[in-house]
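A.B. asks: Structure of the sequence below:
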Amino acid sequence: MVTPVRVVIALCLLAPFVAMLWVGSYAKTDPAFIGIPFFYWYQMLWVVISTALTMTAYKLWQRDQRAHASEKGGAAE
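C.D. replies: Sure, this is the predicted structure:
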């Protein structure tokens with residue numbers, strides 16, 4: 001069943017893939033950050049962002065599963 005929470009979960013998990021597959025958006029050297037070309041620091045920034053988004057998706061999934069289990073009257077798997 002598609003719910004708004006599950007749509008947000010999907011967007012959280014898809015965002016890093018879209019950002020990294022759209023190479024043309026970051027295939028450049030400027031602006032440099034502390035001497036590191038944009039190409040490299042942008043990818044490293046997405047490591048942190050991806051971690052936060054994955055953690056958010058996981059917490060939302062847990063909450064959705066608990067809500068679903070309480071609606072059915074059983075324990076979450």
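
A.B. asks: so what's residue 61 closest to, chain neighbours aside?
C.D. replies: residue 9 (5.8 Å; CB to CB, 6 or more residues apart in numbering). For the C-beta atoms, the positions are set from N, CA and C on the backbone; glycine is no exception.

A.B. asks: Which secondary structure state does that neighbour sit in?
C.D. replies: helix (DSSP: H, G, I helix; E, B strand; the rest coil).

A.B. asks: quick one: it from residue 29, how far?
C.D. replies: 35 Å (CB to CB, to the nearest Å).

A.B. asks: who's more crowded, the two?
C.D. replies: Between residue 9 and residue 29, residue 9 has the larger neighbour count (other CB atoms under 10 Å), namely 19 against 10.

A.B. asks: OK, contacts around that one?
C.D. replies: Residues near residue 9 by CB atoms under 8 Å, 6 or more residues apart in numbering: 57, 60, 61, 64.

A.B. asks: can you check residue 71 too?
C.D. replies: No contacts exist for residue 71 under CB under 8 Å, 6+ apart.
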